[in-house]
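Novice: Requesting a structural model of the entry that follows:
(one chain, ligands or ions: 1)
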Amino acid sequence: MKYTFSKDFFWGAATSATQSEGRTTTDGKGENIWDYASKKFNDRFYEGVTTASTSRFYEDYQGDLDRLADLSFNSFRTSISWSRLIPEGVGQVNPEAVQFYHNVLDGLNKRGIKPFINLYHFDMPMKMQEIGGFENKAVIKAYCDYAKTCFDLFGDKVSYWFTFNEPMIPAEAGYLHDRHYPYIVDFKRAAQVLHHIVLAHCGAVKVFREGQYSGKIGIIMDVIPVYPRSQNPADLKAAEMADLFYTRSLNDAILKGHYPEKLKVILNQYDQMPEVSTDDLSLIAQTRIDILGINYYRPRRVKARDSLPNTNGVFSPEWFYDNYEMPGRRMNTSRGIEIYPNGLYDIAKKIQNEYGNIDWFVSENGIGIEGEEAFINNGIVEDDYRIKFLEEHLIALHQAIEEGSNCLGYHMWTFVDCWSWQNAFKNRYGFYRMDLHTGKKTIKKSGLWFKNVILNQGFSL
Ligand code: BG6
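Specialist: Presented below is the predicted three-dimensional model:
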């Protein structure tokens, strides 16, 4: 069987500024929440590795761009670091950062690799966090000004812009689930942050449209498909609630221009409704994106709760469902998540049927494995598990495309093993292995496999 993708299909990989560039200290970069938290709350990070030790993209970008070209990528996503470009979050622009990003963009374009540029990948400048981060409306304005600065400086070199990566995460992980700084646990504040991120997204799109910049603008979202344990009405209800809180809340706002009515009713009922003005709602209603990126790693399986929630505790979407560990599920034990390739097909169908079959692409998909050195043979990581993972996900995607999904490309997470939020270098995701002691980057078997897929516009099985 041959799986062929269109000639202009986007093939590439994604990374983010904080995870690849690293915290550098002599080039005018301001601190962001990760630079701060990985030092101050060092024990929350695997083996205490901070943002100072990443994959050295800042110093080694020319080498990395050559590596991308070696893999025959035609596109590549990274993000601009807000705190590198504007160290205080507002005001003075850092000339060294301007030069650096020009060099990166020129280097990509020169190699025929389209830059997909994201403006925010979880990396709030510390100065902005000190005044409340996205809880404070002044930070929305600062973010929109930063977006305009990026469009003005780099607009003629970028054809695909993205306002946010996984906008749910800074709200959910930073204000409810104690995973990201500022480690606040308060649903209502999380909801306020999420709403303000939606407004920041809309504001940046507005700036882009009004400035008549060339190219397209979109957002990268993580749409975890929800599967109920059974067709029992209690399980179906649990799935509906998980989907409502974690997917439809954001998706409907971004892709349909309004929040789900049912969510408003529940939030009011539990006194968890954030402040939302009619002006906010009309801005959301007017905002449309050109392209959607979808990050997909795992499904969300849920069932009806086995016990009553502790309603004296913190309000949470988990009051309405339990996570379900399906017997027989295939696990990536390094990360503790299920592998379910068909989820990608289901997402594609959802976009096709519920969200107007908008142009989209897989903006992240990948498998993080702990202890990959065990698979090194003759100096190369023989990651057949990653090749299998890729094959299975691409087959699911191919089927959806055959059935009319407007999927324009596939980006893998990531091209060189990189530092990660909390897990630092525990799980490796790259097409290239990074030796943490020497900094040497060596292609893995999956990188060679992926290059062949690109050159052949697909693969046979
Ligand atoms: C995505 C993020 O959700 O998952 C990436 O956009 C992240 O930044 C990736 O690195 C993998 O997750 P983790 O936690 O294993 O690094």
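Novice: ok, which stretches of the stretch 251-400 of the chain are strands?
Specialist: 291-295, 300-303, 322-323, 331-332, 337-338, 360-364, 369-370, 376-377, 380-381 (DSSP state E, counting those that start in this stretch).
Novice: which of these sits most buried?
Specialist: strand 360-364 (a mean of 25; mean count of other Cβ atoms under 10 Å). The C-beta positions use only the backbone N, C-alpha and C, and glycine is treated the same way.
Novice: Export the strands of the stretch 251-400 of the chain as a markdown table, with columns for distance to the ligand and mean pLDDT.
Specialist: Compiled in a markdown table, the strands of the stretch 251-400 of the chain are given as follows (distance: least, Cβ to the nearest ligand atom, whole Å; pLDDT from 0 to 100):
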| stretch | distance to the ligand | mean pLDDT |
| --- | --- | --- |
| strand 291-295 | 5 | 98 |
| strand 300-303 | 14 | 98 |
| strand 322-323 | 18 | 98 |
| strand 331-332 | 10 | 97 |
| strand 337-338 | 9 | 98 |
| strand 360-364 | 6 | 98 |
| strand 369-370 | 10 | 98 |
| strand 376-377 | 21 | 98 |
| strand 380-381 | 17 | 98 |
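Novice: Same list (these) but as TSV, adding distance to residue 124.
Specialist: Below are those laid out as TSV (distance: least, Cβ to Cβ, whole Å):
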stretch	distance to residue 124
strand 291-295	19
strand 300-303	26
strand 322-323	28
strand 331-332	29
strand 337-338	26
strand 360-364	20
strand 369-370	28
strand 376-377	37
strand 380-381	34
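Novice: out of those strands, which comes closest to residue 449?
Specialist: strand 380-381 (11.7 Å; Cβ to Cβ).
Novice: Of all the strands of the stretch 251-400 of the chain, which one is nearest residue 234?
Specialist: strand 300-303 (8.1 Å).
Novice: and that closest one, which strands flank it?
Specialist: strand 226-228 (parallel), strand 322-323 (antiparallel) (DSSP bridges).
Novice: how about the ones you listed, which one is nearest residue 295?
Specialist: strand 226-228 (15.7 Å).
Novice: For the one residue in the chain that gets nearest to the ligand, which non-adjacent residue is spatially closest?
Specialist: The minimum distance from the chain to the ligand, using Cβ to the nearest ligand atom, falls at residue 420 (3.1 Å). Once flanking residues are discounted, residue 420 sits nearest to residue 19: 6.4 Å by Cβ to Cβ, 6 or more residues apart in numbering.
Novice: count of residues packed around that neighbour?
Specialist: Under the neighbour criterion other Cβ atoms under 10 Å, residue 19 is assigned a count of 27.
Novice: Check the gap between residue 378 and residue 442 for me.
Specialist: Residue 378 sits 11 Å away from residue 442, going by Cβ to Cβ, to the nearest Å.
Novice: So the two - more neighbours on which side?
Specialist: residue 442 (15 against 5).
Novice: and the angle from the helix or strand containing residue 217 to strand 291-295?
Specialist: Here residue 217 sits within strand 216-222, counting by DSSP states H and E. Calculated by axes from the mean of the first three to the mean of the last three Cα atoms, to 10 degrees, strand 216-222 forms an angle of 20 degrees with strand 291-295.
Novice: Each with direction, which strands does strand 216-222 pair with?
Specialist: Applying DSSP bridges, one finds strand 216-222 paired with strand 160-165 (parallel), strand 291-295 (parallel).
Novice: before we move on, which element is residue 418 in?
Specialist: Using DSSP H and E, no helix or strand contains residue 418.
Novice: was I right about it contacting residue 17?
Specialist: No. Counting by Cβ atoms under 8 Å, residue 418 stays clear of residue 17, with 10.7 Å between them.
Novice: So which of the two has more stuff around it?
Specialist: A direct count of neighbours by other Cβ under 10 Å for residue 418 and residue 17 places residue 17 higher, at 28 against 25.
Novice: so what's that one closest to, chain neighbours aside?
Specialist: For residue 17, the spatially nearest residue (Cβ to Cβ, 6+ apart) is residue 81, at 3.7 Å.
Novice: Equivalent analysis for residue 216, please.
Specialist: Using Cβ to Cβ, 6+ apart, the nearest residue to residue 216 is residue 290, at 3.8 Å.
Novice: per-residue confidence at that neighbour?
Specialist: On pLDDT, residue 290 comes in at 98.
Novice: before we move on, what about residue 211?
Specialist: At residue 211, pLDDT is 98.
Novice: and it, backbone torsions?
Specialist: Dihedral angles of residue 211 (phi, psi; degrees, to the nearest 10) stand at phi -80, psi -10.
Novice: who's in contact with residue 407?
Specialist: By Cβ atoms under 8 Å, 6 or more residues apart in numbering, the contact set of residue 407 is 348, 360, 361, 362, 397, 400, 401.
Novice: quick one, phi psi at it?
Specialist: phi -90, psi 120.
Novice: and residue 116, that's in a strand?
Specialist: Yes. If the criterion is DSSP: H, G, I helix; E, B strand; the rest coil, then residue 116 is within a strand.
Novice: do you know which of the strands paired with strand 300-303 lies nearest residue 261?
Specialist: Across those, closest to residue 261 is strand 226-228 (Cβ to Cβ), at 18.9 Å.
Novice: average pLDDT for the closest one?
Specialist: Here the average pLDDT along strand 226-228 is 98.
Novice: After it, which helix or strand is next?
Specialist: helix 233-243.
Novice: for that next one, what is the average pLDDT?
Specialist: Mean predicted confidence for helix 233-243 is 98.
Novice: circling back: regarding the residue nearest to residue 420, what is its secondary structure?
Specialist: Secondary structure of residue 19, per three-state DSSP, is helix.
Novice: got it, and residue 212?
Specialist: Once three-state DSSP is applied, residue 212 turns out coil.
Novice: check whether stretch 162-174 contacts the ligand.
Specialist: Yes. Stretch 162-174 is in contact with the ligand by Cβ under 6 Å from any ligand atom, via 165, 166.
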